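> just to be clear, the model below is a prediction. Sequence and coordinates:
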Amino acid sequence: MKRWSDDQKILTALERLGGNASAQELSDYIANTMKEKRIPARTIRYRLSTLMERGILLPSFLETDERKVGLGEGILLFQEIPERTRTLESVIREIPIFHWYVPTHGRYDGYLVHTAYDIVMPDRIEMLAKKMQKHGLINQYFFFDIASHHSKRIDFNLYNPTKGWSCNWDVWKEELMSLSEKDQKLPFEISSMKEVIEYDSKDILILRILKDSPDASMTSLAGITKLPLATVRDRIQRLRTRGVIRGYTRAYGFSGDLVWVSIFMRMRSKIGGILQRFQNLPFPGIILAEDPQSFCLRMGFTTSDLKQFMEGFNAIRPQMESYFFQFHLPDRVESKYREVFNLFDSELGKWAIPFDRFEELVERYGN
């Protein structure tokens, strides 16, 4: 059990410092910030390697805010037509802006799809969905425009590899029921109108490379972009300073053992307090915001914890203007988000998403 205790400390430090923290940085954080007995850097490297071999720890990925370089993101829910399920999945696979999807059940039985779009043409996504509806590929659809996203921290102090998660659900439910009308302040900022910074094809190329290979060195980036090493460093620092590059995050293999659910909510009161209680849960998850009232909570639960969560959710239903649940099926589909960056036209210096070609594809599959 002592070995897992060290793993808990390492994973906690990694969650706080970011997915690309070095073994020495993790060692220092454990000793100086967590006030725990120092774990030597060489031991941390060995434990990280072991955690990856066991599938608990997965590679890091780059978190970015692409709206600042003119690229929006949203969620499409497709209500499938049962006899056209295979055709619908083929269409989703062939359209590169549909960069991640998963089968789903709930209000919409079909697919939950993450999609990208040029923010100067936000209406084209729904036009494409309506075209799919018109040509008999889907019954209905729902679009959730992601203005901002907020990954919640995982509390590894409450996780045991053999027993699972530990959560004081009674306290959590009591906190939800005791919220007052003053609990409105959001625990994070939301801005649907974000400043688009000055950028060019080299910036987009750097982002695409880092999306594909988060561990890419400055030297390799300089070689691929044909830019001086100092220029690459300056560009990355600028992308960080302007909030395009938000940092590195690690994914975790135990998430495959959880029931994943996306809850789409439009709330009328106690919004800040409710969101804060969601963030206080120890499980992996993310809160996606469309506007100051509309949110999507995505979180992974064990079946027993999901039952407890639902009991707590019942207590806040009066604060909901509307809501619905979408359960993710366990199918794992690899993200092809990096392919979206190939849709940037370096000669024109802008996004050139070929919606006309996508609509032709829909017509071909629909006829």
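Yep, that arrived. Numbering: from 1, shown residues only.

> do I have it right that M177 meets A315?
Yes. Judged on Cβ atoms under 8 Å, M177 makes contact with A315 at a distance of 5.0 Å. In this view, the C-beta of every residue, glycine as well, is placed from N, C-alpha and C.

> so the two - more neighbours on which side?
Taking neighbours as other Cβ atoms under 10 Å, M177 and A315 compare with A315 leading, 16 against 10.

> does that one touch E174 like I think?
No. Using Cβ under 8 Å, A315 is not in contact with E174; the gap is 9.3 Å.

> let me know the helix or strand that the residue nearest the centre of the chain is in.
Nearest to the geometric centre of the chain sits I286, at 6.2 Å (Cα atoms, centre = their mean). Take DSSP states H and E as the rule and I286 turns out to sit in strand 285-289.

> report the buried residues of that strand.
Judged by neighbour count (16 or more other Cβ atoms under 10 Å), strand 285-289 contains these buried residues: 285, 287-289.

> restricting to C-alpha, output that strand in PDB.
Only the C-alpha atoms of strand 285-289 are listed here, as PDB (Å, rounded to 0.1, in the frame of the first residue of the first chain):
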ATOM      1  CA  GLY A 285     -14.400  15.600 -15.700                       C
ATOM      2  CA  ILE A 286     -14.800  18.900 -17.400                       C
ATOM      3  CA  ILE A 287     -17.300  21.800 -17.400                       C
ATOM      4  CA  LEU A 288     -18.100  23.300 -20.800                       C
ATOM      5  CA  ALA A 289     -19.800  26.700 -21.000                       C
END
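
> packing partners for it?
Counting contacts by 3 or more Cβ pairs under 8 Å, 6 or more residues apart in numbering; DSSP states H and E, strand 285-289 is packed against strand 138-146, strand 148-152, helix 271-280, strand 294-301.

> which residues of the stretch 151-300 of the chain fall in strands?
159-160, 164-165, 245-252, 259-267, 285-289, 294-301 (DSSP state E, counting those that start in this stretch).

> quick one: which of the ones you listed is nearest Y365?
strand 259-267 (26.1 Å; Cβ to Cβ).

> run the angle between that closest one and strand 294-301 for me.
160 degrees (axes from the mean of the first three to the mean of the last three Cα atoms, to 10 degrees).

> just the buried residues of strand 259-267, please?
260-265, 267.

> closest to T115 out of the residues you listed?
Once Cβ to Cβ is applied, the member of the buried residues of strand 259-267 that ends up nearest T115 is S262, at 14.5 Å.

> can you give the distance of stretch 274-292 from its chain's centre?
With Cα atoms, centre = their mean, to the nearest Å as the basis, stretch 274-292 stands 12 Å off its chain's centre.

> give me the distance between R107 and M132.
Distance, R107 to M132, using Cβ to Cβ, to the nearest Å: 18 Å.

> nope, D28 is what I was after
Applying Cβ to Cβ to D28 and M132 gives a distance of 52 Å.

> more neighbours, the two?
Between D28 and M132, counting by other Cβ under 10 Å, M132 is the more crowded of the two (24 against 16).

> just the pLDDT at that one, thanks.
pLDDT, M132: 96.

> what's in contact with the helix or strand hosting it?
Assigned by DSSP H and E, M132 belongs to helix 123-134. Residues outside helix 123-134 that contact it (Cβ atoms under 8 Å, 6 or more residues apart in numbering): 74, 76, 78, 88, 91, 115, 117-118, 138-141, 143, 353, 355, 358-359, 362-363, 366.

> can you check stretch 151-171 too?
Residues outside stretch 151-171 that contact it (Cβ under 8 Å, 6+ apart): 4, 8, 11-12, 15-16, 56, 63, 249, 252, 254, 278-279, 281-287, 299, 302, 305, 308-309, 311-312.

> which residues of the stretch 151-300 of the chain score low on pLDDT?
Applying pLDDT under 70 to the stretch 151-300 of the chain picks out residues 161-162, 183, 191-194, 254-257.

> in a markdown table, list the strands of the stretch 151-300 of the chain along with distance to F325.
Formatted as a markdown table, the strands of the stretch 151-300 of the chain follow (distance: least, Cβ to Cβ, whole Å):
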| stretch | distance to F325 |
| --- | --- |
| strand 159-160 | 24 |
| strand 164-165 | 20 |
| strand 245-252 | 23 |
| strand 259-267 | 5 |
| strand 285-289 | 14 |
| strand 294-301 | 10 |
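
> ok, G272 touching K182?
No. Counting by Cβ under 8 Å, G272 does not reach K182; the two are 9.0 Å apart.

> the more surrounded of the two?
For G272 versus K182, neighbours defined as other Cβ under 10 Å are more numerous around G272 (17 against 9).

> just put the buried residues of strand 285-289 in a markdown table and tack on distance to R47.
Output for the buried residues of strand 285-289, formatted as a markdown table (distance: Cβ to Cβ, whole Å):
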| residue | distance to R47 |
| --- | --- |
| G285 | 25 |
| I287 | 30 |
| L288 | 32 |
| A289 | 35 |
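
> which one's the longest helix in the protein?
helix 2-17 (DSSP state H).

> and for K134, the neighbour number?
12.

> what's the distance between it and P292?
Distance of K134 to P292, given as Cβ to Cβ: 33 Å.

> do the same with H105
H105 sits 29 Å away from P292, going by Cβ to Cβ.

> which residue, neighbours along the chain excluded, lies closest to A251?
Leaving aside its chain neighbours, A251 sits nearest to L58 (4.0 Å; criterion: Cβ to Cβ, 6 or more residues apart in numbering).
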